[in-house]
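**Q** with the input below, show me the fold.
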Amino acid sequence: SATGFPAITLPGGFSRPSESAPIGVPIGLEILGRPWSESTLISIAYAFEQLTHFRRPPKSTPELS
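**A** This is a model prediction of the structure:
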C-alpha cells in the first residue's frame, strides 16, 4: 500500500452489463487497516467474500467437474 498501512483488495461487484461488457466491468474494493492489523483485514475480507459472492469467473472459464 502506498500509505504504508496494511491493505487488502477484493471484488466489490460489477457495473451494469453493456454490449461491450456482457457481465459488466469488475469493481474493486480496497480496505485499509491500522499497523499490524493484517489478520483482521483477512478476516473481514473473507467474511465479505462469503456474504457477497461478487467474484465471477470469465465466461471462457470451463466448468469444474
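**Q** any low-confidence regions in this structure?
**A** Scanning the chain for pLDDT under 70 picks out no residues.
**Q** all helices for it, in order.
**A** Listed in chain order, the helices of the chain (DSSP state H) span 38-52.
**Q** how far away is the residue nearest the centre of it from residue 4?
**A** Among the residues of the chain, the one closest to the centroid is residue 11, at 1.7 Å (C-alpha atoms, centre = their mean). From residue 11 across to residue 4, the span is 25 Å (C-beta to C-beta, to the nearest Å). C-beta: built from backbone N, CA, C; applies to glycine.
**Q** do residue 13 as well
**A** For residue 13 relative to residue 4 (C-beta to C-beta), the value is 28 Å.
**Q** who's more crowded, these two?
**A** residue 13 (14 against 7; other C-beta atoms under 10 Å).
**Q** need the contact list for that one.
**A** 26-27, 52, 54 (C-beta atoms under 8 Å, 6 or more residues apart in numbering).
**Q** cool, and residue 1?
**A** Neighbours of residue 1 in contact, by C-beta under 8 Å, 6+ apart: 7, 32.
**Q** 10 Å instead, please
**A** 7-9, 30, 32-33 (C-beta atoms under 10 Å, 6 or more residues apart in numbering).
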